[in-house]
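>>> Coordinates for the following, if possible.
(2 chains)
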Amino acid sequence: MNQTDPAPKQSNRRPWNDPRVRSIAFQVIAIAAVLWGGWSLFQNTLANMESRGISTGFGFLDQTAGFGIIMSLIPYDSTMTYGRTFVVGLLNTLLVSGLGIIAATILGFIVGVARLSHNWLVSRLALVFVETLRNIPLLLQIFFWYFAVLQNLPSPRQSLGLGELIELNNRGLYFPAPVTEPGFGWVIGAFVVAIVAAYGIHRWAKKRQLKTGQLFPAFRVGLGIVIALPLVVYALAGAPLGWDLPHLQGFNFTGGMTIIPELAALWFALSIYTASFIAEIVRAGILSVSRGQTEAANALGLHSGLTLRLVVIPQAMRVIIPPLTSQYLNLMKNSSLATAVGYPDLVSVFMGTTLNQTGQAVEVVAITMGVYLTISLVISALMNLYNRAVALQER
Amino acid sequence: MSNTKDLPPPKTEIGVVGWCRKHLFSSWHNTLLTIVVAYFLVTLIGPLLNWLIFDATFSGTQPSDCTGGGACWVFINQRINFYIYGFYPDPLQWRIDVMFVLLAVAFVPQFIENFPKRKWFGIFGLTGLPVIGYILIPGGHFGLENVPSSKWGGLALTLILSYVGIVASLPLGTLLAMGRRSDMPIIRGLCVIFIEVWRAVPLITVLFMASVMLPLFLPEGMNFEKLARALIGITLWQSAYMAEEIRGGLQAIPKGQYEAASALGLGYWKKMGLIILPQALTLVIPGIVNTFISLFKDTTLVLIIGLFDILGAVQSTITDPAWQNVTTEGYVFVAFCFWVFCFGMSRYSQNLESKLDTSHRN
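Residues are numbered from 1 along each chain as shown, chains lettered A, B, ... in the order given. I've put the predicted structure just below:
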C-alpha cells in the first residue's frame, strides 16, 4: 500500500533536502551575516572615531556654521547654524532640479517631435542634437558652459545689456525683480477666481457636449478669462506693481534678481543633457502608437489636431511615462554635480563644507543620502499616481 | 495599343528636385521651416568649421605658433601623452599600450558579424583581460616595476575605472537579481533594499562616502588607496543598476524553461547556471552595454575626489597661463574622445537589439 502512496512521507526526507528547511536555514544565515556585518562596521566606526577624536550625534546641527553661501533662497548669513546650511542646500537642490525638469521636458518634447518631422532638415538636426549630446558626459557639459562660455562673458563694466532691463556679464544674468505694492492681493485673487471659472466652463462644456453633441471652445474661452481678468483688475487697482531694476554700483550690479553663473551653467547642462534622453523617449512613445489608430481616427472624421490630442497622445503617454520618471530621477541626482562648479546645492554645502568643518562624516552622509532617497521615493510615487491615471483600463 | 509605354513620372517628382519637393518644400509652412533652419545652420556651421579646421593650427610646439585665430590644437598635441597615460612613467607605458591592444582584440570582433569564434574573444575580454591587467598595470610581480595607483591617469584611468566597474558588478548584479526573484522573503527583502538604496543616491555621494567613510568602517590598520576606494564605491553602485538589467532578462525567460529545468531534476544552481542565466544574459547584452555607456560617462566624476581621469587631466592643464585660453580646445578634445567611444557602443547595442528583437510590431 505504501508504495502506491502518491505523496511521500515527510519523514522519509533528510531535513537538509527539504526545501522549506533549507530556505529557512538560508534566510537565518543571511540575517546573521547582515547583522554581524552591521555590528562589526558599527564597532569599527565607533573605535575609529574615538581614536580620531570625532564627536558623534546630531548636536552639531545647532552650532554656528561660520561660512558664507553665495546663493540662498532663504535669509542666511554666516552666524547661522549648520542645520540652516542644510536647509539652504536642500532648497538650492530642489530649485535647480525643478527648473531643470521643466526646461528638459519642454526641450525634450520639441526635439522628440522634430525627430519625427517630415522635413528632412529638421529631423536630421534633431538627430544630430540627440546623438551628440547624450554621448558626452554631463560633467564635461557643465564645465563647458561654466568655464568656456559663462566665464568668458564680459565683466560687469562692459555688460551686455538689453535696454536697462536685462544685463548679462560674467557675474550672472540680472533682470528686474517685481515689487508688489498694496492692492496686488486683488490681482492674485482675480487670478484664482479666473482659474476656478475656467475649470467650471470646462466642466459645463463637457456636460453639454455629452448631452447635445455641440462643441464649445472651452480651452480658448478659459485661457482668455485667465489672462484677461487679472489684467483688468490690475488696471483697475492702479497698477500696484513696481520693478526693481538692476544698476551698476562700483564693480558690480545691485538690485533686481540674479541668476548666478553657477546656477545657469548647471541648469543649461542638466536640461540639455536630459532633454536628449527625453527626446528619444518621446519619439519611441509616438512611434509605439500603431498607424491604424491614426487612420481609424481620420476615418471617424477627426481632424489632425483632434487625432493627436484624443488618440495619439493618450496612448503614447502610457509608453512615455515610466522612462520619463527615471529621467526626472536621474536629473535630480545629477544636480549633485553642482559641487564641481561651486553651486551651493545640498552635496556642495552640506556634504562638502559642513562635513569638512565638523568632521562628522557618518551623520552628514547619512542625512544626505536619506534626503536623496526620500526625494526619489516621492518623485516615483507621484509619477506612479499619474501613470495609474493614464494606464490602460482593462476590464 | 496595350503595349504603349508608361509615361515617365513628371520631372518634379523624381531625382533631386522631387526629393527636395517631398522632404523640404511639401507645403508653405514646411518651406518656411526649411529656410529658417537652413539660415541658422549656414550662419552657425561656417564659423564653427573655420574655428575647428580652416583657421586652426595643427603643427607647432609653443603657444606663439597659434596665429590663425582658430582652435589651437598644438596645445593638445603637446599634452597628449599626459591625457592618455597620466603620470605613468614613460619607459613603462608599453604596458598600457598592451592593454589597449588586448582590449581591441577582445572587443573589435564583437562589431564584425560572422567573425570566427567571436564569442570566445568576448569571454576572454571579461575573464582573462582583467587578470592580465591586474598583473601588468600595477606591476610588482614577475620582475615588473611597481607603479603606484597615484600615478595612473588620463584615458587609461577612465577605461580602468569603467571596465573594473562593469566586470566586478556583473557577478554581484547577477546574484542580486536572482535574490530579488527569490521565493525567500528575507533574502528578497535584503536584495530589494540594497538595490533601491544604491539606485536612489547620486554617484557623487557614493564617491564621497567611499573616500570619507570607508576608512572609518574598516578595522584599524586595514586601509585602501584612494583609487581602490573609488572602485569599491563604483562597483557597489553599479551592481544595483546591473541587477535591474539582469532582472529584466530573468523575467523575459518563459516560465516553461524554469519548469522544464525542474522537471529534468536540476537543482536551483544548476537550473540557473545551465538553463536560465545563459539565455537571460544573452538577452540583456544591449542593456548591459547601455549601462556601460552611462558608467563610462559617469567615471568623470572621480575628478571631484581628486583622481586624474581624462577630464581631470585636461581640466588641470587648461588653466596653464602660458597658453592663452585653451579651455574650449581641451573640452572639445575630451568630448570627442567620449563621443567616439559612446557612439560606437550605442550603435553596437542598437544593432544587437534589433537582431534580438523577434517581435513583429511593424
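>>> which residues sit in contact with the most centrally placed residue in chain B?
Per Cα atoms, centre = their mean, the C-alpha nearest to the average position across chain B is that of B:I293, at 3.0 Å. By Cβ atoms under 8 Å, 6 or more residues apart in numbering or on different chains, the residues touching B:I293 are A:N135, B:C342, B:M345, B:S346, B:S349. The way it works is simple: take the backbone N, C-alpha and C, and place the C-beta from them, glycine included.
>>> just checking, B:E225 touches B:S149?
Yes - contact criterion Cβ atoms under 8 Å: B:E225 and B:S149 qualify, at 5.2 Å.
>>> mind checking the SS state of the residue nearest to the centre of chain B?
Secondary structure for B:I293, judged by DSSP: H, G, I helix; E, B strand; the rest coil, is helix.
>>> now swap in A:V221 and tell me
helix.
>>> for A:L310, helix, strand, or coil?
Assignment for A:L310 (three-state DSSP): helix.
>>> Can you give the domain ranges for the chain?
Going with chain A. A:82-176+A:249-390, A:184-244 (automatic domain parsing).
>>> other chain: chain B
Per automatic domain parsing, the domain ranges recorded for chain B read B:13-55, B:74-88+B:147-356.
>>> I'd like to know which of the ones you listed has the weakest mean confidence.
Ranked by mean pLDDT, these bottom out at domain B:13-55, which scores a mean of 81.
>>> and the end-to-end length of that domain?
41 Å (Cα to Cα, to the nearest Å).
>>> Give me the distance from it to the chain's centre.
33 Å (Cα atoms, centre = their mean, to the nearest Å).
>>> The longest helix anywhere in chain B near chain A anywhere?
The longest helix of chain B (DSSP state H) is helix B:327-356. Yes - residues of helix B:327-356 are located near chain A by Cβ under 8 Å from any Cβ of the partner chain, namely B:T327, B:T328, B:Y331, B:V334, B:A335, B:F338, B:W339, B:C342, B:F343, B:S346.
>>> Excluding chain neighbours, give the residue nearest to the last one in space.
Yep, that's B:S346 we're talking about. Nearest residue to B:S346 in three dimensions, chain neighbours excluded: B:I293, at 6.0 Å (Cβ to Cβ, 6 or more residues apart in numbering or on different chains).
>>> Chain A contacts on the stretch 201-350 of chain B?
So far as Cβ under 8 Å from any Cβ goes, the stretch 201-350 of chain B lies against chain A at B:201-205, B:208-209, B:212-213, B:215-220, B:293, B:297-298, B:300-301, B:303-304, B:311, B:315, B:318, B:325, B:327-328, B:331, B:334-335, B:338-339, B:342-343, B:346.
>>> PyMOL command for the buried members of those?
Those of those that count as buried under 16 or more other Cβ atoms under 10 Å in any protein chain shown are selected in PyMOL with:
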select buried, chain B and resi 201+202+203+204+205+208+209+212+213+215+216+217+218+293+297+298+300+301+303+304+311+315+318+327+328+331+334+335+338+339+342+343+346
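>>> picking up where we left off before, the longest helix of chain B - contacts with which helices or strands?
helix A:138-143, helix B:74-85, helix B:94-111, helix B:285-298, helix B:310-317 (3 or more Cβ pairs under 8 Å, 6 or more residues apart in numbering or on different chains; DSSP states H and E).
>>> among those, which is nearest A:V226?
helix A:138-143 (36.8 Å; Cβ to Cβ).
>>> just checking, A:P246 touches A:R171?
No - using Cβ under 8 Å, A:P246 makes no contact with A:R171, being 10.7 Å away.
>>> what distance separates stretch B:164-171 from the centre of its chain?
Distance of stretch B:164-171 from its chain centroid, counting by Cα atoms, centre = their mean, is 13 Å.
>>> Using PDB, write down the CA coordinates of that stretch.
C-alpha atoms of stretch B:164-171 as PDB (Å, rounded to 0.1, in the frame of the first residue of the first chain):
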ATOM      1  CA  VAL B 164      36.600  47.200 -13.500                       C
ATOM      2  CA  GLY B 165      33.200  48.700 -12.500                       C
ATOM      3  CA  ILE B 166      31.400  46.600 -15.100                       C
ATOM      4  CA  VAL B 167      33.400  43.400 -14.800                       C
ATOM      5  CA  ALA B 168      33.100  43.400 -11.000                       C
ATOM      6  CA  SER B 169      29.500  44.400 -10.900                       C
ATOM      7  CA  LEU B 170      28.400  41.700 -13.400                       C
ATOM      8  CA  PRO B 171      28.600  38.700 -10.900                       C
END
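>>> Show me which residues of the stretch 251-395 of chain A sit near chain B.
So far as Cβ under 8 Å from any Cβ goes, the stretch 251-395 of chain A lies against chain B at A:290, A:329, A:333-334, A:336-337, A:339-340, A:347, A:351, A:355, A:361-362, A:365, A:368-369, A:372-373, A:376-377.
>>> Separate out the buried members of those.
For those, buried by 16+ other Cβ under 10 Å: A:329, A:333-334, A:336-337, A:339-340, A:347, A:351, A:355, A:361-362, A:365, A:368-369, A:372, A:376.
>>> show me where the chain has strands.
In the absence of a named chain, this looks at chain A. Ranges of strands in chain A, per DSSP state E, are A:160-162, A:166-169, A:172-175, A:177-180, A:241-244, A:247-249, A:252-254, A:257-259.
>>> and among these, the most buried is which?
A comparison of the strands of chain A by mean neighbour count, using mean count of other Cβ atoms under 10 Å in any protein chain shown, puts strand A:172-175 on top with a mean of 22.
>>> Paired strands for it, with orientation please.
Paired strands of strand A:172-175, with direction, are strand A:166-169 (antiparallel), strand A:257-259 (antiparallel) (DSSP bridges).
>>> Distance-wise, check the closest residue to B:A322 other than its chain neighbours relative to chain A.
Of all residues not flanking B:A322 in the chain, B:P63 sits nearest, at 5.8 Å (Cβ to Cβ, 6+ apart). B:P63 is 18 Å from chain A, where distance means Cβ to the nearest Cβ, to the nearest Å.
>>> No further questions, thank you.
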